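**Student:** Any chance you could fold what I've pasted below:
(one chain, ligands or ions: 1)
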Amino acid sequence: MNPKRMQVATQWSSVYVWLLTFFLLLNNIVAKAQTSASNWHFDVAMAQPATHMYHVTFRCPTGNVPTLTLKMPAWTPGYYQMMNYAANVDNVRVTDESEKALAWKKTGNSTWVVQTGSAKQLVFTYDVKATRNFVASPYLDENKGYISPAGLFVHVVNQLKQPVTITLHPSTEWPDLIATGLDSIPGQRHTFTAPDFDVLYDSPILMGKLEQLPAFTVGGVPHYFVGYNMGDFDRQQFIADLKKIVESSVAVIGDIPYKHYTFLAIGPGGGGIEHLNSTSISFSGAGLDKPAGRLRMYSFLTHEYFHHYNVKRIRPIALGPFDYEHENRTNMLWVSEGLTVYYEYLILRRAELMSQDDVLNTWQSMMTSFENKPGRLHQSATQASYETWEDGPFGRTGDDAYKSISYYEKGAILGVLLDLTIRHATQNKKSLDDVMRTLYQTYYRTQNRGFTDDEFRSVCEKTAGTSLAKVFEYTSTVKPIDYANYLAYAGLNLTDNVQAQPGGWLGVATRAKGDSVFVTSVDWESPAWKAGVRTGDQLLLIDDQVATVAAIQALSQTKVAGDTVTLQLLQQGQPDTKSIQLGTKKVRQLKLTRQSAPTALQSAILADWLRGTHASLKPKH
Ligand SMILES: [Zn+2]
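**Tutor:** Have a look, this model is predicted:
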């Protein structure tokens, strides 16, 4: 026998053995998957989508315990507000495997306790009313079905780690297209699998009269964009730009942690929520042909996409694994949200979808906006994070608006300070990118957990090689920010002008409802505020003339500071007359300009900070 030939034969036979082992293993895995599929399973039907009603059937083994407690989450990861999803649940029916009714009762607004008796399997069916067309709520009509999973799927208490499968039964009128980050089960129609309920709750699903844009790959990983009612726009250009956004985002961290990623565009509207390997976004392509509209949409998409790193994987310890019943509080939404806003613009710049001046103008607008709001004197970034469950996603509204800030806005500003300080302290050898990569590798890849407040600060300081006490003081206090000091690291000057606005200032905004005029907001410490005018007051007369929205707006033209106006109004139904001396409205305008003779280090920091080459696709340091 030819030894050479024999060697080849031996190699082949070992391949056969290996393949055989592989197929046996695969069989085993498939068998296990099928067992679990029959064990923990949801069927989601929507026979009459126009009625906005999902019909859900959940099956799971009882495990031979006498009672099982089921819960519906009270909120969804990514939207830090209590949603009380169970209020939409109705028509609950509980049986065993042979359709024999089991006794159950509600023991809280999101909790059902079932007496399982000798049942082997629990069959829990319920309807979910889905009328709110919003990224954080399930929605259904004759055109589309959107599943915000925390609002549709129940779980068994202490069993969140169970693998689960879902079979959807979409309207037969719809194209055969379902968008989700979940893996589909080959050969099983409209059936998907989640390794546990945490992944299920982090994987929205979109069905309906959808359109799929051309898929693209980054690092060999496919990315999909599927949407409803997306409007007219240049789809090819859009996908080419989106690919650049994904590439430039990936380049920050240098690792893609998922096998596929899907953008779920649920239709025109407002809002987006990040998920593990998908995002739900309100989307219309209609504004993409104008620079401002394009920048708004691209920064939004960048934000939601970059979140799959910053907050889903680079995350504060309180943000996962989640408690779906209670508020999950953290001091660090300024990191998870604010630094994500900060990266929107760095990434768009690196993708060459913004110019350097665009980025500088963005920081300038953000700083100006922040400095003109009184919340900066009342609430720190860490407080705003912690209190968001009460304050609302963007801070308080109405007469309390002055007491709170947006951690999106201040967090992004803190990103500028942190990044420039690290660059300055390291002779531009390190940056906030290094912080993000270290957090990702240490806490996500190595330890698979979130980081504490102290650990976050420690990574920042180790990267900078020095104390960052001054920057961190700005995170937890309302101390006025010394912008000029930090911007100078990049060779930028800051001018801060206070401009007196012409005309008399009352300080109210109003809206007409029928023939009546109501106050919609009152500027804090304005003449109207000091006189006790408040949101919701009904204005009757202004200087004995019938109050109109136009008459209020005209005060800035017809009166000057020092003039008096007399308002007759109804406050909480009680008539009141107020004589108010008008003041002068003052607006701060911050302006960033380049220094005329920057040092070599300042120039290097500015150039690298706002670099815009596709060469940036590889992590720099
Ligand atoms: Zn966000």
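**Student:** Specify the beta-bridge partners of the residue nearest to the spatial centre of the chain.
**Tutor:** Closest to where the C-alpha atoms of the chain average out (CA atoms, centre = their mean) is Ile273, at 3.9 Å. Beta bridges link Ile273 to Ser280 when assigned by DSSP bridges.
**Student:** what do you get for Gly227?
**Tutor:** Beta-bridge partners, per DSSP bridges, of Gly227: Glu211, Ala265.
**Student:** what about it, neighbour count?
**Tutor:** 23 (other CB atoms under 10 Å). For glycine as for every other residue, the C-beta is placed from the backbone atoms N, C-alpha and C.
**Student:** Can you name the residues that contact it?
**Tutor:** Gly227 sits next to Leu206, Leu210, Glu211, Leu213, Phe263, Leu264, Ala265, Ile266, Gly267, Phe283 when contact means CB atoms under 8 Å, 6 or more residues apart in numbering.
**Student:** So it versus Leu213, what's the distance?
**Tutor:** Remark: distance between Gly227 and Leu213 (CB to CB, to the nearest Å) = 7 Å.
**Student:** what's next to stretch 349-360, contact-wise?
**Tutor:** Taking CB under 8 Å, 6+ apart as the rule, stretch 349-360 contacts 241, 244-245, 247-248, 251, 295, 298, 345-346, 348, 362, 492, 592, 610-614, 616.
**Student:** sec struct for the closest residue to Leu487 other than its chain neighbours, please.
**Tutor:** Distances taken as CB to CB, 6 or more residues apart in numbering put Leu494 closest to Leu487, at 5.2 Å, once the chain neighbours are dropped. Under DSSP: H, G, I helix; E, B strand; the rest coil, Leu494 falls in the strand class.
**Student:** Okay, Leu494 and Gln364: tell me how far apart.
**Tutor:** From Leu494 to Gln364 the distance is 9 Å (CB to CB).
**Student:** what's the overlap in contacts for those two?
**Tutor:** Residues touching both Leu494 and Gln364 (CB under 8 Å, 6+ apart): Leu590, Lys591, Leu592.
**Student:** can you map out the helices along the stretch 201-350 of the chain?
**Tutor:** In the stretch 201-350 of the chain, the helices defined using DSSP state H, counting those that start in this stretch lie at 235-253, 291-306, 333, 339-350.
**Student:** Compare these and give me the one nearest Thr57.
**Tutor:** Ranking the helices of the stretch 201-350 of the chain by proximity to Thr57 (CB to CB) places helix 291-306 first, at 31.7 Å.
**Student:** Pro222: what's it in contact with?
**Tutor:** Taking CB under 8 Å, 6+ apart as the criterion, Pro222 is in contact with Ala215, Phe216, His260, Tyr261.
**Student:** Please repeat the previous calculation with a cut-off of 7 Å.
**Tutor:** Contacts for Pro222 (CB atoms under 7 Å, 6 or more residues apart in numbering) come out as Ala215, His260.
**Student:** likewise Thr330?
**Tutor:** Going by CB under 7 Å, 6+ apart, Thr330 touches Pro316, Ala318, Leu319, Ser385.
**Student:** what about 8 Å?
**Tutor:** Neighbouring residues of Thr330 by CB under 8 Å, 6+ apart: Pro316, Ile317, Ala318, Leu319, Ser336, Ser385, Tyr386.
**Student:** before we move on, what about Asn64?
**Tutor:** Neighbour list for Asn64: Thr116, Lys120 [criterion: CB under 8 Å, 6+ apart].
**Student:** What does it show for phi and psi?
**Tutor:** Main-chain torsions, Asn64, degrees, to the nearest 10: phi 60, psi 30.
**Student:** likewise Leu140?
**Tutor:** Main-chain torsions, Leu140, degrees, to the nearest 10: phi -150, psi 130.
**Student:** before we move on, what about the one 3 residues further on?
**Tutor:** Backbone dihedrals for Asn143, given as degrees, to the nearest 10, come out at phi -100, psi -30.
**Student:** same deal with Met332?
**Tutor:** Torsion angles, degrees, to the nearest 10, at Met332: phi -120, psi 30.
**Student:** Any figure for the gap between it and Val123?
**Tutor:** Distance, Met332 to Val123, by CB to CB: 42 Å.
**Student:** These two - which one has more neighbours?
**Tutor:** Met332 (27 against 18).
**Student:** which non-adjacent residue is nearest that one?
**Tutor:** Leaving aside its sequence neighbours, Met332 sits nearest to Pro316 (CB to CB, 6+ apart; 4.1 Å).
**Student:** hmm, back to that, tell me the buried residues within the contacts of stretch 349-360.
**Tutor:** Those of the contacts of stretch 349-360 that meet the buried threshold are 241, 244-245, 247-248, 251, 295, 298, 345-346, 348, 362, 492, 592, 610, 612, 616, by 16 or more other CB atoms under 10 Å.
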